[in-house]
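Peer 1: Let me see the structure of the following:
(one chain, ligands or ions: 3)
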Amino acid sequence: MTKIKFLGTASAWPIPRIGCKCKVCKSKDKKDIRTRPSLLIKNKGKNILIDVSPDFHQQALKENLTRIDAILITHAHEDHIGGLDDLNEIYKLNKKTITLFTKRRIFRLINIEYPWMFDKVLKFRPLKKAFKIDNLEIDYFVVEHSVFTIGYIFKIRGKKIIYAPDCNGVKRKEKIMNPDILIIDSTKEFNKQNSNGHFSVKNSIKFAKEIRAKKTYLTHFDHHSTHKKLQKKVSKIGNFEVAYDGLKIEV
Ligand SMILES: [Zn+2]
Ligand SMILES: [Zn+2]
Ligand SMILES: [Zn+2]
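Peer 2: Ligands and ions are numbered 1, 2, ... in the order given. Presented below is the predicted three-dimensional model:
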């Protein structure tokens, strides 16, 4: 059994936003409390972390996460790498260097900001082609966003899972067609246009249909809609689920 856990499902800032009086930020529903984006895959006893959110410390405490075996980075925006320094604590517990996979041009940016992390805590491995960690196959594809960004393709026991938390389109879709599970950027309000390199909900749904995803999880949210209201709306459209912090999928 492979478990996928949403550690954080907000966009660049957590929800509730500081001082905001909107319906989402004032909501009492736990599903409307969102930390910044990280995803955890648990497979064969290994913990694979996709992006290290600035809220990683809190996420790790909540999940009782004391070991990370590999890290995959989508891009060098702060909401996806701001927790890297917190990995010092994980290193102290295990005394084991963690391999960080990403494209070289993304690593260059990370290394400017966090050079000390690559002394002993992390070791960089450039992504070139598909590789495996145990029986989990990992590949990537380039997405359109405001900076150079990739999404990930996971294959396990005949299932294909796509993760692209920051994205407003994909030019070359061959590799990502027909996924069993798509986890996709839905930062902007339903009927708005894409902006700042992010899909609106309407356009992430359109994209999911284009690539014929069997099941889609929407993620990376601004405070535009409560979980309950948006879930009701997207359920009428098809097999769409509004992700929330702590949501678990078993594959
Ligand atoms: Zn982001
Ligand atoms: Zn708000
Ligand atoms: Zn971004």
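Peer 1: can you tell me which residues contact I156?
Peer 2: T2, N43, N135, L136, E137, V251 (Cβ atoms under 8 Å, 6 or more residues apart in numbering). In this view, the C-beta of every residue, glycine as well, is placed from N, C-alpha and C.
Peer 1: Please repeat the previous calculation with a cut-off of 7 Å.
Peer 2: Contacts for I156 (Cβ atoms under 7 Å, 6 or more residues apart in numbering) come out as T2, N43, N135, L136, V251.
Peer 1: So stretch 20-37, near ligand 2 or not?
Peer 2: Yes. Contact of stretch 20-37 with ligand 2 (Cβ under 5 Å from the ion) involves C20, C22, C25.
Peer 1: Just those: which are in helices?
Peer 2: C25 (DSSP state H).
Peer 1: L100 belongs to a strand, doesn't it?
Peer 2: Yes. Under DSSP: H, G, I helix; E, B strand; the rest coil, L100 falls within a strand.
Peer 1: related to what we said a few turns ago, tell me the one of the contacts of I156 nearest ligand 2?
Peer 2: Lowest distance from ligand 2 to these (Cβ to the ion) belongs to V251, with 33.1 Å.
Peer 1: Run through the bridge partners of the residue nearest to A208 when sequence neighbours are not counted.
Peer 2: Leaving out its chain neighbours, the residue that sits closest to A208 by Cβ to Cβ, 6 or more residues apart in numbering is T216, at 4.2 Å. T216 forms beta bridges with L182, F240, as assigned by DSSP bridges.
Peer 1: Hmm, T216 is touching I184, no?
Peer 2: Yes. Assessed by Cβ atoms under 7 Å, T216 is found in contact with I184 at 6.3 Å.
Peer 1: No more questions from me, cheers.
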